[in-house]
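**Q** A structural model of the following input is requested.
(one chain, ligands or ions: 1)
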Amino acid sequence: MHVLRTIREVNAWRAKLRAQQKKVGFVPTMGYLHDGHVSLIAEALSRADYVIVSIFVNPLQFGINEDFSVYPRDEARDLQMAQQAGANAVFLPSADEMYPAKPMTSIQVRSVSESLCGASRPGHFDGVAFVVVKLFNIVQPDFACFGMKDAQQVAVIEQLVNDLNIPVEIVRCPIIREKDGLAMSSRNVYLTNEERTQALILSSALREVQHILIEQRQGIPALDIRALAEDMISNQTDAVIDYVEVRHYPSLHPVFADYLIKYDTKDMILLALAVRFGRTRLIDNLLIGSDKGSEIDV
Ligand code: PAF
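**A** The predicted structure is shown next:
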């Protein structure tokens, strides 16, 4: 596996593969890899001749009071995991390599980045959009894999790629969960034992909604779906709800309160949760409808 630390090295690696007409898949990450990332690498390997993973904790996507300085990092472990997962190269730039000077350009994907996490974390998706465009320009992959745990991030990146005609296919990959249902996230390491137990309410609430939708095929109003998830979280834990939202996907337009949500709806509907357990903010979601990106095994 090639360990590439500079943009020049990535450019040289990529140019060689282009000359050989190889298909390149890309898995952008912020490191502290887990099995969710391993599944993204596996998906990329199944579609490409070569797969490159980037590991870069992007300062632009963290707010001033957020966890940038304490975000978990373990380069040696990440390199070992990426290699075991079968990645052909890892791009591990320093902050100076990515941002040698303060960027004067901004990228804002309006509408889709303004609600949900965009409302609670102002500027977050501007930072994500900026680094993703930069990484796409450096790596020039044929496609890139993103996990649907960050369903809004995927919607933002799809919009960005469409708006700017960026020639990178975006591959949506399913949420990977621990055996007990907790969606995998690098931030799960922040949880105390008690918080981790409480955090299981996220997948339980989503699973319960899915069960009810399967049983009541005639559909359930959006308002009731939202209330069911919200009540489960607030009645069974002392966690602080940031949002429980039902939205059309991928537009993230609001859904009318009386809109009947059916398990096999042709529209895609996202039930998205963001909840704080102590100091740790976790997100999870269920995508209801034709593209079952986040269906929970029942
Ligand atoms: O999902 C992530 O890990 C990050 O937001 C990404 C896409 C690598 C951009 O920094």
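**Q** how many neighbours does residue 34 have?
**A** 16 (other Cβ atoms under 10 Å). C-beta: built from backbone N, CA, C; applies to glycine.
**Q** Which residues are in contact with it?
**A** 176, 184, 185, 186, 188 (Cβ atoms under 8 Å, 6 or more residues apart in numbering).
**Q** okay, the third one: pLDDT?
**A** The model reports residue 185 with a pLDDT of 97.
**Q** so it makes contact with residue 37?
**A** No. Under the criterion of Cβ atoms under 8 Å, residue 185 makes no contact with residue 37, lying 10.5 Å away.
**Q** Please identify which of these two sits among more neighbours.
**A** Taking neighbours as other Cβ under 10 Å, residue 185 and residue 37 compare with residue 37 leading, 26 against 23.
**Q** near the ligand, which residues of the protein show up?
**A** For the chain, the residues in contact with the ligand (Cβ under 6 Å from any ligand atom) are 28, 29, 30, 58, 61, 128, 131, 132, 150, 153.
**Q** can you put those in JSON lines and add pLDDT, secondary structure and neighbour count?
**A** Below are these laid out as JSON lines (pLDDT from 0 to 100; DSSP: H, G, I helix; E, B strand; the rest coil; neighbours: other Cβ atoms under 10 Å):
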{"residue": "28", "pLDDT": "98", "secondary structure": "strand", "neighbour count": "23"}
{"residue": "29", "pLDDT": "98", "secondary structure": "strand", "neighbour count": "22"}
{"residue": "30", "pLDDT": "98", "secondary structure": "coil", "neighbour count": "18"}
{"residue": "58", "pLDDT": "98", "secondary structure": "coil", "neighbour count": "21"}
{"residue": "61", "pLDDT": "98", "secondary structure": "helix", "neighbour count": "21"}
{"residue": "128", "pLDDT": "98", "secondary structure": "helix", "neighbour count": "26"}
{"residue": "131", "pLDDT": "98", "secondary structure": "helix", "neighbour count": "22"}
{"residue": "132", "pLDDT": "99", "secondary structure": "helix", "neighbour count": "26"}
{"residue": "150", "pLDDT": "98", "secondary structure": "helix", "neighbour count": "17"}
{"residue": "153", "pLDDT": "98", "secondary structure": "helix", "neighbour count": "23"}
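**Q** for those, which one is nearest residue 142?
**A** Closest to residue 142 out of those is residue 28 (14.1 Å), distances taken as Cβ to Cβ.
**Q** Excluding covalently adjacent residues, which one is nearest to that closest one?
**A** The shortest distance from residue 28 to any residue other than its chain neighbours is 4.9 Å, reached at residue 54 (Cβ to Cβ, 6 or more residues apart in numbering).
**Q** Return the residues in contact with that neighbour.
**A** Counting by Cβ under 8 Å, 6+ apart, residue 54 has contacts 26, 27, 28, 29, 90, 91, 92, 93, 135, 139.
**Q** Show me these that map onto helices.
**A** 135, 139 (DSSP state H).
**Q** Quick check: the farthest pair among the contacts of residue 54?
**A** Among these, 27 and 93 lie farthest apart (Cβ to Cβ), at 15.0 Å.
**Q** Show me which of these two is the more surrounded one.
**A** Here residue 27 and residue 93 are set side by side on neighbour count (other Cβ under 10 Å), and the busier one is residue 27, at 30 against 20.
**Q** Confirm that residue 162 sits in a strand.
**A** No. Assigned with DSSP: H, G, I helix; E, B strand; the rest coil, residue 162 falls outside any strand and is helix.
**Q** tally of neighbours for it?
**A** 10.
**Q** where does it land on pLDDT?
**A** The model reports residue 162 with a pLDDT of 98.
**Q** gap between the residue nearest to residue 28 and residue 124?
**A** Relative to residue 124, residue 54 is positioned 18 Å away (Cβ to Cβ, to the nearest Å).
**Q** where are the low-confidence patches of the protein?
**A** 290-298 (pLDDT under 70).
**Q** In it, which residue is most central in space?
**A** In the chain, the residue lying closest to the centroid (Cα atoms, centre = their mean) is residue 150, at 2.7 Å.
**Q** Now do the same contact list for that one.
**A** residue 283.
**Q** Nothing else from me, thank you.
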